[in-house]
Every structure is written in C-alpha cells, then in structure tokens.
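Colleague: coords please:
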Amino acid sequence: MMTTLEAQKQRLLDELAEAHDQLSLIKAQPYPDFKILNYYTDMVRRNTQLVEMIDSHLFGEARDNSQVI
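Modeller: Sure thing, here's the model as predicted:
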C-alpha cells in the first residue's frame, strides 16, 4: 500500500518525465517558444525540489522510527 507522500512523489516523477520529454521536443525546434521552454524548465526545477523534500521527509521518518526500537 502506497502512502499519500509516496503517491505524490510518483505523480511528480511522472510529471518530471513528461516535462523532460516536452523540453527535448521544444529544444529540437528551429525557433523554440521561450515562454513554454521557461514554463517546463520551472516545472522541472519545482518538481525536483518537491521530490527531494518528500524523500528527505520519508527517509528522515524511517530513520526516526528505527532509532525508537
């Protein structure tokens, strides 16, 4: 069973994969639309930070629980 944070992390990872695909397609165009390029670049940056925060919370929580034993 997946926790809420794990489900959120998976959704963010899926969005990151899609954003990377879109960035590749945009960069391959002879005249890329910089507004869209910036949008996907910002999305990648934001989602990466959120995934890192979720990981630190999940792994920090696991470490805290193991110390209780």
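Colleague: now the residue nearest to the spatial centre of the chain: how far from Tyr31?
Modeller: Most central in the chain under CA atoms, centre = their mean is Asn47, positioned 3.4 Å from the mean C-alpha point. Remark: distance between Asn47 and Tyr31 (CB to CB, to the nearest Å) = 27 Å. (Each C-beta comes from the backbone N, C-alpha and C, glycine too.)
Colleague: Ok, Leu23 next?
Modeller: Relative to Tyr31, Leu23 is positioned 16 Å away (CB to CB).
Colleague: The two: which has the busier surroundings?
Modeller: Taking neighbours as other CB atoms under 10 Å, Leu23 and Tyr31 compare with Leu23 leading, 18 against 5.
Colleague: which ones are touching the more buried one?
Modeller: Counting by CB atoms under 8 Å, 6 or more residues apart in numbering, Leu23 touches Leu37, Tyr40, Thr41, Val44.
Colleague: Drop anything exposed from the residues you listed.
Modeller: Buried subset of the contacts of Leu23 (neighbour count, 16 or more other CB atoms under 10 Å): Tyr40, Val44.
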